[in-house]
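Chemist: Coordinates for the following, if possible.
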Amino acid sequence: MEIFNQLESNVRSYCRLFPTVFKTAQGAFIKDREGRQYLDFLCGVGTLNYGHNNPQIKQRLLDYLASDGIIHGLDLATVAKEEFIQAFAEIILKPRELNYKIQFPGPTGTNAVEASLKLARQITGQETVIAFSNGYHGVTLGSLATTAKASQRAAAGISTTGVTFIPYHGYLGSNIDTTEYLDKVLSDVGSGVSLPAAVIVETIQGAGGVNVASFEWLRSLEKVCRQHNVLLIADDIQVGCGRTGSFFSFEEVGISPDIVTLSKSLSGFGLPFSLVLIKPELDRWKPGQHSGTFRGPNLAFVTAKAALDIYWQDDSLSSAVKHKGTIMKSRLEKMAKNYQEAGFSVRGRGMIQGLDCQDGNIADRIIRKAFANGLIMETAGAKGQVIRCLPPLTVSEEILDKGLTILEDTVQEVMQPTTSQKLVVSGAAAK
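Modeler: So this is what the prediction gives:
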């Protein structure tokens, strides 16, 4: 790691958690240059839903490269873009009776969030946006303002403005509906809360700690937005593209966001790619108002279309994700039950599941020991207290079981001394 320590910026983070030099990857596995193999339950924080170097998707990419297809195209019309748009409309939008225009804002998720916020403000003439406690939407200035964690916003060096935060589902306890609070403050001119341009929400907060909003809460949120003529933006960057089972995480909820942001696994191959879905009547952009050099990622168009063709023509993948999500939840609940005294609990939907250890130090020790045992995962939550599980959606049940067994053994390895120490202290106190 010497060259990285000497020359790469101090801002690097993941390589500090996993201090080895990786060389190759296939499916759910990644190898370092010494040949050590690791099971990857991080998968680019949800960027590799179809695994590393998916062979079917890779072949489409290789064929395109061999044909001298357009690589960089600004926002020019290309065959690759045309074929992706047609596939996305026919395979994803029409069967779900969704009517959206497609904007290509740039390569990353934060590009999509920035575009959605700009458009919402332009449409409504309002400056404020409502975001939620523990939300994460990116680290460029506009999206950073809607990201809740204070330490991340502080990195901007200036005050972030134009956002009002309210409590997410469950933040004030299971008996308090925070959408009622939102409705109240928007209805009361004396509340001090300005009428916003939009509400931006994750149906499941990934970085925030795998916090899952109930369907009822999300439906109520949409209702409040409609009552006050506020746009609803669904940030589906991490939990879209099949992570919950359905392609969009909001499908089964029955809501219809005005604007949707997608990225991460959209390309199907780990290539940078994002888009914004806009209800047609809201597509009020003027040409060039939101621009960028890398709005035409043709390689990603090719791989994204391949992913749609291979995995989304029927319900096979969706059913498999829901089934494997049930397996994950059951295994994690078993682990949590073994450490009820420590307050362990489980949360998630589909194949994003979290083991809440309550204590960030314990969670950190578990993921570091898991890495030593051949499993890559990361923590989430305000205190880093939640171990987040994001295996490839295509992982076999056998390999999924292997990874969960490594985690289970690692939790026991870390928690056994803690439990033993408590027993010793209790015994001493009794004497």
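Chemist: Give me the three-state assignment for Arg226.
Modeler: Classification of Arg226 by DSSP: H, G, I helix; E, B strand; the rest coil places it in helix.
Chemist: for Trp217, same thing?
Modeler: Using three-state DSSP, the secondary structure recorded for Trp217 is helix.
Chemist: For it, which non-adjacent residue is closest in space?
Modeler: Leaving out its chain neighbours, the residue that sits closest to Trp217 by Cβ to Cβ, 6 or more residues apart in numbering is His169, at 4.2 Å. Heads up, the C-betas are built off the backbone N, CA and C, glycines and all.
Chemist: What ranges in the chain fall below the confidence cut-off?
Modeler: Filtered on pLDDT under 70, the chain yields the residue ranges 418-431.
Chemist: where do the helices sit along it?
Modeler: Shown for the chain, the helices assigned by DSSP state H span residues 2-7, 14-17, 43-46, 55-66, 79-87, 109-124, 141-145, 150-154, 178-187, 215-227, 298-311, 316-338, 360-372, 397-430.
Chemist: how about the ones you listed in TSV, adding mean neighbour count and distance to Phe247?
Modeler: Converted to TSV, the helices of the chain look like this (neighbours: other Cβ atoms under 10 Å; distance: least, Cβ to Cβ, whole Å):
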stretch	mean neighbour count	distance to Phe247
helix 2-7	9	37
helix 14-17	13	27
helix 43-46	20	14
helix 55-66	15	16
helix 79-87	18	12
helix 109-124	24	16
helix 141-145	20	23
helix 150-154	12	29
helix 178-187	17	25
helix 215-227	18	17
helix 298-311	23	9
helix 316-338	17	8
helix 360-372	19	29
helix 397-430	14	21
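Chemist: Need these in CSV (columns: distance to Gly270).
Modeler: What follows is the helices of the chain, written out as CSV (distance: least, Cβ to Cβ, whole Å):
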stretch, distance to Gly270
helix 2-7, 20
helix 14-17, 14
helix 43-46, 6
helix 55-66, 10
helix 79-87, 16
helix 109-124, 13
helix 141-145, 21
helix 150-154, 24
helix 178-187, 36
helix 215-227, 29
helix 298-311, 9
helix 316-338, 18
helix 360-372, 20
helix 397-430, 19
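Chemist: Now Val139. Its backbone dihedrals?
Modeler: Main-chain torsions, Val139, degrees, to the nearest 10: phi -130, psi 10.
Chemist: sorry, back to before: any idea how many residues pack against the residue nearest to Trp217?
Modeler: Other residues within reach of His169, judged by other Cβ atoms under 10 Å, total 24.
Chemist: And for the closest residue to Arg153 other than its chain neighbours, the neighbour number?
Modeler: What sits nearest to Arg153 in space, not counting adjacent residues and going by Cβ to Cβ, 6+ apart, is Thr160, at 5.1 Å. The tally of other residues near Thr160 (other Cβ under 10 Å) stands at 16.
Chemist: Isn't Thr160 up against Thr140?
Modeler: No - taking Cβ atoms under 8 Å as the definition, Thr160 is not a contact partner of Thr140, at 10.8 Å.
Chemist: Send me stretch 89-106 as CSV with only the CA atoms.
Modeler: Provided in CSV are the C-alpha atoms of stretch 89-106 (Å, rounded to 0.1, in the frame of the first residue of the first chain):
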residue,chain,number,x,y,z
ALA,A,89,-39.3,2.3,-22.2
GLU,A,90,-40.4,-1.1,-23.4
ILE,A,91,-39.1,-3.3,-20.6
ILE,A,92,-39.3,-1.0,-17.6
LEU,A,93,-41.7,2.0,-18.0
LYS,A,94,-44.6,0.7,-20.2
PRO,A,95,-45.2,-2.6,-18.2
ARG,A,96,-45.4,-0.5,-15.0
GLU,A,97,-47.6,2.1,-16.7
LEU,A,98,-45.1,4.8,-15.9
ASN,A,99,-44.9,7.9,-18.1
TYR,A,100,-41.6,9.7,-17.7
LYS,A,101,-39.2,11.7,-19.9
ILE,A,102,-35.5,10.6,-19.5
GLN,A,103,-32.7,13.1,-18.8
PHE,A,104,-29.1,12.1,-18.8
PRO,A,105,-27.5,14.6,-16.4
GLY,A,106,-24.0,13.2,-16.1
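Chemist: list the buried ones in that stretch?
Modeler: 91-93, 98, 100, 102-106 (16 or more other Cβ atoms under 10 Å).
Chemist: same deal with stretch 285-302?
Modeler: For stretch 285-302, by 16+ other Cβ under 10 Å, it's 285, 290, 294-302.
Chemist: quick one: Ala372 from Thr147, how far?
Modeler: Relative to Thr147, Ala372 is positioned 31 Å away (Cβ to Cβ, to the nearest Å).
Chemist: my bad, should have said Leu221
Modeler: Distance, Leu221 to Thr147, by Cβ to Cβ: 19 Å.
Chemist: Could you do Phe104 as well?
Modeler: 23 Å.
Chemist: Check Cys389 too.
Modeler: Using Cβ to Cβ, we find Cys389 at a distance of 23 Å from Thr147.
Chemist: higher neighbour count, those two?
Modeler: Between Cys389 and Thr147, counting by other Cβ under 10 Å, Cys389 is the more crowded of the two (28 against 24).
Chemist: Thought Arg349 was touching that one, still the case?
Modeler: No - counting by Cβ under 8 Å, Cys389 sits too far from Arg349 to count as a contact (12.0 Å).
Chemist: pretty sure Gln122 is touching Leu282, no?
Modeler: No - under the criterion of Cβ under 8 Å, Gln122 is not in contact with Leu282, lying 9.7 Å apart.
Chemist: Looking at the helices of the chain, which is nearest to Val239?
Modeler: helix 43-46 (7.3 Å; Cβ to Cβ).
Chemist: Before I go, just wanted to say thanks for your time.
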